[in-house]
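# Quick one: sequence plus predicted model below, questions after.
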Amino acid sequence: MKPSSGSIEVCGHDTQAEPIEARKQIGFLTGSTKLYDRLTPLEVVKFYADVYGVDRITFERRVDELFTTLDMNDFAKKRIGKLSTGMTQKVSIARTMIHDPAVVVFDEPTNGLDVITSRTIIDMIRRCRDEGKTVIFSTHIMGEVNLLSDDLAIIHRGKLCFNGTYAAFKEDSQSESLEQEFIRHLEEAA
Amino acid sequence: MIWTLLKKEFLDIARDRRTLIMSLGIPMLVFPVMMIVMDKVTASTKKTASEKILNVALVTHGGAEEFRRMLLKEGVLLTKKGSIKVQEDISLEEGRRLIEADSLDALVYFDPEFDRLLSARLPGRVSVYFKKTTDVGRVESGRIVDLLEDYESRLYDRRIAELGLDPVTTLQPVEINKFNLASEKEQFASVVGRILPYMFIVFAIMGVMHPATDLAAGEKERGTLETLFTTPATRLQILFAKFVVVVTSGLMSALVTMGSLYIGLQFMGRKTGQIDKAIGSILEPTTIIAVIALLIPVTIFFAAVALAISVYAKSFKEAQSLLAPLMMVVILPLAISLMPGFALTTKTALIPIMNVSLSIRAIIAGTAQPFHLVLVYGSLTGLALMGLFLCSKMFNRESAVFRS
């Protein structure tokens, strides 16, 4: 895709000039980045580790960490096609994180998941933030915003309605709850 | 990177049951099953037709006594081909009605003037009525006609002898001796060599179509291609890995077909004992290598075209329906190459697919000329490269890959 204007730099690499270098630094997960049903979680994560050029020793350490944190060891060798939505999402997260990217993009990672799985994933993302990674996180769940945000942007129908720190957003708040404040911003922009 | 991608593609496709059945299972079974079934069916049809007791009506008007005796008593042919039950008190009209109603197998009707015409050295007229709708019917009516022809040749010999001539030499002013100097290999090639290339090519396409559909359109539909595009793997690397898997599958399929043919021929050979030499000639290492060498570029071409179409398709189903006409496009030149009179020439060597079929036939027969093979190889390689170029163009076009 060619940008209509502007540019993006990831760890000093321009996404247009050095797309491969830029992509190496990114872990990208959306609802449409699916996994191979006919492979097992371990095979999929190994494959992506190889694609990103992770060496064997690092891979083994990372896989152990990720699978334990995400509680995935029970189904590591089952075919992905046979796993539940929550399990599959954990595998997706593991494959996004296997190469220890500096920037992670999570598009509604807890969509349709049960409370416990969501919690595990949110904890994981919070740890990414604490490790100093750049986390771009999109969600419709205000609770998650409260738990994770440093900076906040509200996009409605392709238009930026708010862009600032989460602290500033809360400080300027004129409503009782986050939801109401969110809707107020949308209405203001419209 | 390529190796990683290849490993993943192979693992993924090897776990797809449909691909395994289409690319390996069917080619493996096709020849043995075909030969066994054909053998059993022909044997059993022949048996039912020649063993069945035929109900035959005979109307002679008191003449043709010799034939009547042949049919009733002599039974030379009858013992060989099963028995015949003869019915004589019947009219022509009734007999015809019974045949139409399937309660009579045949009616032999001698003209009332038969004996008179015969003694005047004119042809006596006889009519045979039967119902020929199936192969069984053909064998049945054949038994009666054989008997009549046998009768005719007896009368014929007698007439010539009555003229004081020798029936064997008089009517053969020229003795034609035919010597077929074609080697067994060539004779075999003209028969089997027509159908074999057809089979190899068709199975190479079959082996290509399924993985091509699954690895491009299937991956798009399942959303796994998008994930792969977020990684440092380039489009060209991803495509290359898919391409190698698809080509391998096509070639495997053709190879398995060859193996299956060998097993099938072993089965047939044991029964007839004649094909052994022919099997030997087709399974000579040089023949096999030459055939595989021809199948490689043509499979590359199929793989490239199939992948390009599959990349363009929005879904697995759309890819399948778009690929079906490809099969027709391929079968047409193949079918033409099966027609008599087509051989490998400078001209036909340049017609894609047809040239493969004709070359394989020529190689099996041992009549292939190096110059023609170079032409075939050159044109196929060109075609394969064109297909590849088209395919990579398609894969690099965002609008084609993400059409949905």
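In hand now; what should we look at?
# Looking at strand pairing, list the partners for the spatially most central residue of chain A.
Among the residues of chain A, A:Phe106 comes closest to the average C-alpha position under Cα atoms, centre = their mean, at 2.1 Å. Here A:Phe106 sits in beta bridges with A:Leu29, A:Phe137, as judged by DSSP bridges.
# Confirm B:Gly63 sits in a helix?
No: the secondary structure assignment for B:Gly63 gives coil rather than a helix, going by DSSP: H, G, I helix; E, B strand; the rest coil.
# I'd guessed it sits against B:Phe110; true?
Yes: with contact taken as Cβ atoms under 8 Å, B:Gly63 and B:Phe110 are classed as touching, separated by 5.7 Å. Glycine gets a C-beta too; all of them are placed from N, C-alpha and C.
# Surely B:Gly95 touches B:Val59?
Yes: the pair B:Gly95 / B:Val59 is scored as a contact, 7.1 Å apart, by Cβ under 8 Å.
# need the contact list for the residue of chain A found nearest chain B.
Scanning chain A for proximity to chain B using Cβ to the nearest Cβ identifies A:Lys34 as nearest, at 3.2 Å. For A:Lys34, the contact set (Cβ atoms under 8 Å, 6 or more residues apart in numbering or on different chains) comprises B:Arg222, B:Gly223, B:Thr224, B:Glu226, B:Thr227.
# Distance of B:Val128 relative to B:Gly164?
Distance check for B:Val128 against B:Gly164: by Cβ to Cβ, to the nearest Å, it reads 33 Å.
# okay, the two: which has more neighbours?
Regarding B:Val128 and B:Gly164, a neighbour count based on other Cβ atoms under 10 Å in any protein chain shown identifies B:Val128 as having more, with 14 against 7.
# thinking again about what came up before, which residues are in contact with each of B:Gly95 and B:Val59?
In contact with both B:Gly95 and B:Val59: B:Leu107, B:Tyr109, using Cβ under 8 Å, 6+ apart.
# Once you drop chain neighbours, what's closest to A:Tyr52?
With Cβ to Cβ, 6 or more residues apart in numbering or on different chains as the measure, A:His99 is the residue that lies nearest to A:Tyr52, at 3.6 Å, once sequence neighbours are left out.
# Quick one: classify the one you found as helix, strand or coil.
Secondary structure of A:His99, per three-state DSSP, is coil.
# I'd say it and A:Ile26 touch.
No: here A:His99 does not reach A:Ile26: they are 9.4 Å apart, not a contact under Cβ under 8 Å.
# Which single residue of the stretch 51-200 of chain B approaches chain A most closely?
Distances between the stretch 51-200 of chain B and chain A by Cβ to the nearest Cβ are smallest at B:Phe200, namely 29.1 Å.
# who does the host helix or strand of B:Val30 touch, helix- and strand-wise?
Of the helices and strands defined by DSSP states H and E, B:Val30 is found in helix B:26-51. Based on contacts counted as 3 or more Cβ pairs under 8 Å, 6 or more residues apart in numbering or on different chains; DSSP states H and E, the elements that helix B:26-51 packs against are helix B:135-162, helix B:184-212, helix B:235-272.
# closest to A:Ile183 out of the ones you listed?
helix B:235-272 (41.9 Å; Cβ to Cβ).
# Would you tell me whether the closest one gets close to chain A?
No: with Cβ under 8 Å from any Cβ of the partner chain as the threshold, helix B:235-272 lies outside contact range of chain A, at a closest distance of 9.4 Å.
# Give me the local confidence score for residue 146.
Using chain A. With respect to pLDDT, A:Asn146 scores 86.
# sorry, should have said chain B
82.
# Repeat that for the one 4 residues further on.
Per-residue confidence at B:Asp150 stands at 86 (pLDDT).
# do A:Tyr52 as well
94.
# quick one: it and A:Thr96 touch, right?
No: between A:Tyr52 and A:Thr96 no contact is recorded; they are 10.6 Å apart, counting by Cβ under 8 Å.
# show me what contacts the closest residue to the residue of the stretch 51-200 of chain B closest to chain A other than its chain neighbours?
Leaving aside its chain neighbours, B:Phe200 sits nearest to B:Ala254 (5.0 Å; criterion: Cβ to Cβ, 6+ apart). Under the criterion of Cβ under 8 Å, 6+ apart, the contact partners of B:Ala254 comprise B:Pro27, B:Phe200, B:Ile201, B:Phe203, B:Ala204, B:Gly207, B:Ile292, B:Leu295, B:Thr299.
# Among those residues, list the two that are farthest apart in space.
B:Pro27 and B:Ile292 (14.5 Å).
# So between these two, which is more surrounded?
For B:Pro27 and B:Ile292, the more surrounded residue by other Cβ under 10 Å is B:Pro27, and the numbers stand at 26 against 15.
# Could you tell me how far the more buried one is located from B:Ser249?
For B:Pro27, the distance to B:Ser249 equals 11 Å [Cβ to Cβ].
# Pull up the overlap in contacts between those two.
Looking at what touches both B:Pro27 and B:Ser249 (by Cβ under 8 Å, 6+ apart), the common residues are B:Gly207.
# Packing partners of the longest helix along chain A?
The helix spanning the most residues in chain A, taking DSSP state H as the definition, is helix A:115-130. Contacts defined by 3+ Cβ pairs under 8 Å, 6+ apart place helix A:115-130 against helix A:56-69, helix A:85-97, strand A:103-107, strand A:134-138, helix A:142-148.
# How about residues contacting it?
If you take Cβ under 8 Å, 6+ apart as the criterion, helix A:115-130 is touched by A:69-71, A:86, A:89-90, A:93, A:97, A:104, A:106, A:109-110, A:113, A:135, A:137, A:144, A:147-148, A:150.
# go on, stretch A:56-67?
Under the contact criterion Cβ under 8 Å, 6+ apart, stretch A:56-67 has outside partners A:41-42, A:45-46, A:49, A:54, A:72-73, A:76, A:93-94, A:97-98, A:100.
# Of the residues you listed, which ones also sit close to chain B?
Restricting the contacts of stretch A:56-67 to those near chain B - Cβ under 8 Å from any Cβ - leaves none.
# could I get those as TSV with distance to B:Met339 and neighbour count?
Listed next are the contacts of stretch A:56-67 as TSV, based on distance: Cβ to Cβ, whole Å; neighbours: other Cβ atoms under 10 Å in any protein chain shown:
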residue	distance to B:Met339	neighbour count
A:Pro41	56	27
A:Leu42	56	18
A:Val45	56	27
A:Lys46	54	22
A:Ala49	56	22
A:Val54	59	20
A:Met72	62	21
A:Asn73	65	12
A:Ala76	59	15
A:Ile93	61	23
A:Ala94	60	26
A:Met97	63	24
A:Ile98	59	25
A:Asp100	65	17
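# where along the stretch 251-400 of chain B do the helices fall?
B:276-282, B:285-312, B:316-338, B:354-365, B:370-396, B:398-401 (DSSP state H, counting those that start in this stretch).
# With B:Ile205 as the reference, measure out to the residue nearest to the centre of chain A.
The spacing between A:Phe106 and B:Ile205, counted by Cβ to Cβ, is 43 Å.
# Could you do B:Leu383 as well?
Noted for B:Leu383: a distance of 14 Å to B:Ile205, by Cβ to Cβ.
# Same question for B:Thr234.
For B:Thr234, the distance to B:Ile205 equals 29 Å [Cβ to Cβ].
# any weak-confidence spans in chain A?
When the per-residue scores of chain A are filtered using pLDDT under 70, no range remains.
# Any idea how many residues pack against A:Ile116?
Applying other Cβ under 10 Å, I find that A:Ile116 has 10 neighbouring residues.
# Please apply the same query to A:Arg62.
A count of nearby residues for A:Arg62, using other Cβ under 10 Å, gives 18.
# Same question for B:Leu236.
12.
# Could you check the pLDDT of B:Ile282?
pLDDT recorded at B:Ile282 is 65.
# same deal with the one 3 residues further on?
B:Pro285 is assigned a predicted lDDT (pLDDT) of 78.
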